[in-house]
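Participant: coords below, sequence missing:
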C-alpha cells in the first residue's frame, strides 16, 4: 500500500457553518455566498431581515424556508382583521395619534393616512435625530394599508427624541399638544386614541417622570384613549403570534420575547399578535433610498402590541363612537377565545359583533 504523507500545513477542510442563532439581525446583510441548508428551520423562522437582505440561492436554503413568503405573510394582521376590512370595518372616521421616534413620511404603507406631523424636542432642531426603525414600524401596524389593523384611520404623529436625547418632558409636551388640539377641534377632528409604545417606570428617558404621568392623566380625563406599554400589563394583555396561519388561533403561542418563566405568567392574559410580523421600515433607507422597504421581525415585543391594540380600539370606535376605554377592554377580554394550548387570543370578529349589538339604535 502506498504511504501518503501530509504536509504539516495541510488539514482536512470542514465546511464552514454560518454562525446564525435565533433572532439574529440579518437586515441589509449580503448572505448570497452562504450555505444555510443545515440551519434548522426553527432558527431561520425567527430571524430579522428586510427588503435589502440578500439570501443564498434556493439550493443553499432549506426547502421549507421561503423568505419572500415569510415577508408577505407577515404583513397580515391575522385573526380575521382583513375580512373585517372587506366588510368596511377599517377605522374610517377615527383620528389616532402616535408618539414615537422620528418617522419617514414617504413610506407608501401609511403616507396617505398622515394628516399631521410634528417633531418635539431640541435634538430635532439641532439635526441630531435620524429616521428610526421604530417609527415606521408602529405607524404601519396601526394604520398601514397592508400591515395595519385600522388602515382607514387618520394619523397625527408626534416625533419625540430617542436614546440619549430622550426626555420625559418632550413626551409630555407631545401629549399636551394633542390635548390642546382636541380642546379647539370640532368633534369629527378630535384625536380619539393615542398609541405610545414607551412605558414607565423606564430608566431610559431623562427628566421628570411625573410631568409625563400628569399629561397621561390629563389626556385620559379629557376622554382620550391612551395606550402605552404600561397599559398592556395593567390591563392584562400580552403578546404572541403564529408563523404559518395567522387566522387559526390554535397556531398561536405566547410571545417569544420573554423567558419561559414570564411566558407562563401570560396564560390568563389576552394575547395580541406581535411575533412574526412584517412592518414598514426605513432602517436602511439612508443608504438605499428605497421608500418601499419592509422588515420581517421574528420576535415581536411590547412595542408592536401597543399599536395593534390601538387599531382594535379604532375599529370599535368606528362602530360605536361613545365607547370608553374601560368598556373596550372589557369587551376585548370577554370575547377572547381560548385555544388548544390554553391561551386566550383576542377575537376581533366577536369584538366587533359585540360592539354592534351594544351600539345605540339609530
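Facilitator: The structure has been received and is ready for your questions. Quantities reported herein were computed from a predicted structural model and do not represent experimental measurements.
Participant: Could I get the full set of strands for this structure?
Facilitator: Along the chain, counting by DSSP state E, strands occupy 49-50, 95-100, 114-119, 154-159, 191-196, 225-228, 237-241, 253-254, 270-273, 277-280, 294-297, 337-338, 344-345.
Participant: Let me know which of those strands is the nearest to residue 304.
Facilitator: strand 277-280 (6.0 Å; Cβ to Cβ). For the C-beta atoms, the positions are set from N, CA and C on the backbone; glycine is no exception.
Participant: what residues does the closest one touch?
Facilitator: 70-75, 104, 107, 109-110, 136-141, 144, 147, 241, 293-297, 300, 304 (Cβ atoms under 8 Å, 6 or more residues apart in numbering).
Participant: Mind checking which of these are buried?
Facilitator: 70-71, 73-75, 104, 107, 109-110, 136-141, 144, 147, 241, 293-297, 300, 304 (16 or more other Cβ atoms under 10 Å).
Participant: Which ones among the residues you listed map onto helices?
Facilitator: 70, 71, 73, 136, 137, 138, 139, 140, 141, 304 (DSSP state H).
Participant: Turn those residues into CSV, including distance to residue 235 and pLDDT.
Facilitator: Output for these, formatted as CSV (distance: Cβ to Cβ, whole Å; pLDDT from 0 to 100):
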residue, distance to residue 235, pLDDT
70, 31, 93
71, 31, 94
73, 29, 95
136, 26, 94
137, 22, 95
138, 18, 97
139, 22, 97
140, 23, 97
141, 18, 98
304, 16, 95
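Participant: Check those and tell me the two furthest apart.
Facilitator: Applying Cβ to Cβ across those, the maximum distance is between 70 and 139, 21.4 Å.
Participant: Tell me where this protein has helices.
Facilitator: Using DSSP H, helices in the chain cover 41-44, 67-73, 81-86, 122-125, 134-143, 168-184, 209-221, 229-234, 260-264, 285-288, 302-319, 325-335, 348-358.
Participant: Residue 100 versus the residue nearest the centre of the chain, what's the distance?
Facilitator: Nearest residue to the geometric centre of the chain (Cα atoms, centre = their mean): residue 304, 2.6 Å. Going from residue 304 to residue 100 by Cβ to Cβ, to the nearest Å gives 12 Å.
Participant: Residue 202 now?
Facilitator: For residue 202, the distance to residue 100 - Cβ to Cβ - is 14 Å.
Participant: Same check on residue 121?
Facilitator: 12 Å.
Participant: Have a look at these two and say which one is more surrounded.
Facilitator: residue 100 (26 against 23; other Cβ atoms under 10 Å).
Participant: burial count for the residue lying closest to residue 52 once chain neighbours are set aside?
Facilitator: Leaving aside its chain neighbours, residue 52 sits nearest to residue 28 (4.3 Å; criterion: Cβ to Cβ, 6 or more residues apart in numbering). Per other Cβ under 10 Å, the neighbour tally for residue 28 reads 18.
Participant: One more: residue 42?
Facilitator: With other Cβ under 10 Å as criterion, residue 42 counts 9.
Participant: what number of residues lie near the closest residue in space to it that isn't next to it in sequence?
Facilitator: Among residues not flanking residue 42 along the chain, residue 22 sits closest, at 7.9 Å (Cβ to Cβ, 6+ apart). The burial count assigned to residue 22 is 14, neighbours taken as other Cβ under 10 Å.
Participant: Contact partners for residue 22?
Facilitator: Here residue 22 is in contact with 42, 43, 46, 47, 298, 299 (Cβ under 8 Å, 6+ apart).
Participant: Give me the distance between the nearest residue to residue 344 once chain neighbours are set aside and residue 207.
Facilitator: Nearest non-adjacent residue to residue 344, counting by Cβ to Cβ, 6+ apart: residue 336, 4.3 Å away. Per Cβ to Cβ, residue 336 is found 37 Å from residue 207.
Participant: ok, what's across the strand from residue 297?
Facilitator: residue 277 (DSSP bridges).
Participant: Would you agree it is in contact with residue 304?
Facilitator: Yes. The pair residue 297 and residue 304 qualifies as a contact (Cβ atoms under 8 Å) at a distance of 7.4 Å.
Participant: Find residues that contact each of those two.
Facilitator: The contact lists of residue 297 and residue 304 share 137, 277, 279, where a contact means Cβ under 8 Å, 6+ apart.
Participant: Any chance of the residues you listed in CSV with distance to residue 331 as columns?
Facilitator: Listed next are the shared contacts of residue 297 and residue 304 as CSV, based on distance: Cβ to Cβ, whole Å:
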residue, distance to residue 331
137, 27
277, 24
279, 27
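Participant: between the residues you listed, which is nearest residue 167?
Facilitator: The closest of the shared contacts of residue 297 and residue 304, once distances to residue 167 are taken by Cβ to Cβ, is residue 137, at 22.1 Å.
Participant: and the nearest residue to that closest one once chain neighbours are set aside, how many residues sit next to it?
Facilitator: Distance criterion Cβ to Cβ, 6+ apart; nearest residue to residue 137, sequence neighbours excluded, is residue 279 at 3.9 Å. The number of residues packed near residue 279 is 26, by other Cβ under 10 Å.
Participant: Residue 279 and residue 104: what is the separation?
Facilitator: 12 Å.
Participant: Mutual contacts of those two, please.
Facilitator: Joint contacts of residue 279 and residue 104 (Cβ under 8 Å, 6+ apart) are residue 136.
Participant: hey, what's in contact with both of residue 121 and residue 100?
Facilitator: residue 160.
Participant: ok so, going back, please name the residues that touch the residue nearest to the centre of the chain.
Facilitator: Residue 304 makes contacts with 137, 138, 141, 197, 239, 274, 277, 279, 297, as judged by Cβ under 8 Å, 6+ apart.
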